[in-house]
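Asks: everything below, folded, please.
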Amino acid sequence: MSTEDETRPNEPAQRPRAIFSNADFPMLKTAVAHYARTCEDPAEATRYANLLHRLGRAG
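Replies: Here you go, the predicted structure:
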C-alpha cells in the first residue's frame, strides 16, 4: 500500500487546521486569569500565570 505522500510527491504539505480561532484567545485569557487569581495553591497559581503569559503572546 502506498501513502498519500508517495502518490503526490510534488504537492506541498497542507497546513493542519487551527484548534483555536483568534477570537478564542481573549476568552481563554479571561478564564485563565480568573482561575489564577482564585487558585489557593501557590504552585498551581504560578503555572496558570505562566500559561496566561504564553496565551498573551499567542493571541
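
Asks: so who does residue 58 touch?
Replies: Listed by Cβ atoms under 8 Å, 6 or more residues apart in numbering, the contact set of residue 58 reads residue 25. The C-beta positions use only the backbone N, C-alpha and C, and glycine is treated the same way.

Asks: distance of it from residue 13?
Replies: As judged by Cβ to Cβ, to the nearest Å, residue 58 and residue 13 stand 23 Å apart.

Asks: and residue 34, by the same measure?
Replies: Here the distance between residue 34 and residue 13 works out to 39 Å (Cβ to Cβ).

Asks: who's more crowded, the two?
Replies: Under the neighbour definition other Cβ atoms under 10 Å, residue 34 and residue 13 were set side by side, and residue 34 has more, 11 against 8.

Asks: which strand or helix spans that one?
Replies: For residue 34, the element it lies in under DSSP states H and E is helix 24-38.

Asks: buried sites along that helix?
Replies: 29, 32, 33, 36 (16 or more other Cβ atoms under 10 Å).

Asks: packing partners for that helix?
Replies: Using 3 or more Cβ pairs under 8 Å, 6 or more residues apart in numbering; DSSP states H and E as the contact criterion, the secondary-structure elements in contact with helix 24-38 are helix 42-58.

Asks: quick one: contacts for residue 35?
Replies: Contact partners of residue 35, counting by Cβ under 8 Å, 6+ apart, are residue 48.

Asks: so what pLDDT did it get?
Replies: As predicted, residue 35 sits at a pLDDT of 94.

Asks: and the gap between it and residue 16?
Replies: Between residue 35 and residue 16 the distance is 28 Å, computed by Cβ to Cβ.

Asks: cool, residue 24 as well?
Replies: Plainly put, residue 24 is 16 Å away from residue 16 if you go by Cβ to Cβ.
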